[in-house]
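Colleague: okay, predicted coordinates and the sequence, questions at the end:
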Amino acid sequence: MEKIKVCGLLLCAIFLSSCALTPTTYEKPEVSLVSFQPLSRKGVEQMIVIQLSIKNNAEKELNVSKFSYSLKLEDLEAISGVFSNLKPIPAFGGTKIEFHTSMNVFSVFRILESVIKSKNGTIRYELNTKMHSAWWKLPSISVKFGYVNLGRTHSF
């Protein structure tokens with residue numbers, strides 16, 4: 001019985017050391033907000049076009065099976081959504097995705113009120129993204145912060 005315990009401990013030690021010594025080549029993709037542009041209003045919904053950039057820093061092609069995003073403006077949850085089955089992103093390459101979405105007009109008013117109170121003409125944003133790869137089950141999570149100057153174009 002003593003030999004079985006020793007062998008079990010030895011096997012666990014070998015397994016754990018082999019995992020620690022295995023090189024990890026997974027590079028986290030980078031997601032950034034490129035632009036957003038308001039379009040026409042439909043009822044109480046403000047239509048918006050958003051463009052995101054995804055950079056693949058890995059040696060392998062990135063197959064995104066599910067992509068979710070949440071965009072906060074002035075700390076208010078403004079826009080969120082989910083995509084599935086995006087086109088593969090080549091190794092060390094990138095792509096831009098553009099999509100139409102809507103935002104409640106009352107949220108727009110609250111954001112504008114916050115901008116007017118701050119008196120600096122900028123809107124603070126927070127972009128949260130979660131990407132699921134076809135081969136890697138854990139999602140890649142990204143959080144980016146920035147500012148949009150209302151006196152300039154809405155491209156970054």
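Modeller: Right, received. Where do you want to start?

Colleague: contacts, neighbours, all on C-alpha from now
Modeller: Fine.

Colleague: for stretch 126-141, what is the distance to the chain centroid?
Modeller: 7 Å (CA atoms, centre = their mean, to the nearest Å).

Colleague: also stretch 55-66?
Modeller: Distance, stretch centre to chain centre, for stretch 55-66: 13 Å (CA atoms, centre = their mean).

Colleague: can you check stretch 104-116 too?
Modeller: With CA atoms, centre = their mean as the basis, stretch 104-116 stands 24 Å off its chain's centre.

Colleague: tell me which element the spatially most central residue of the chain is part of?
Modeller: The structure's the chain has its C-alpha centroid closest to residue 129; by CA atoms, centre = their mean the separation is 2.1 Å. Element membership for residue 129, per DSSP states H and E: strand 122-133.

Colleague: try residue 114
Modeller: helix 105-118.

Colleague: and that helix, what's its mean pLDDT?
Modeller: For helix 105-118, mean pLDDT rounds to 79.

Colleague: need the residues that contact that helix.
Modeller: 44-46, 73-74, 76, 78, 121-123 (CA atoms under 8 Å, 6 or more residues apart in numbering).

Colleague: can you rerun that using 6 Å?
Modeller: 44-46 (CA atoms under 6 Å, 6 or more residues apart in numbering).

Colleague: buried residues in it?
Modeller: Neighbour-count burial for helix 105-118, counted by 16 or more other CA atoms under 10 Å, picks out 105, 107-108, 111-112, 114-115.

Colleague: by how many degrees do that helix and strand 122-133 diverge?
Modeller: Going by axes from the mean of the first three to the mean of the last three CA atoms, to 10 degrees, helix 105-118 is angled at 130 degrees with respect to strand 122-133.
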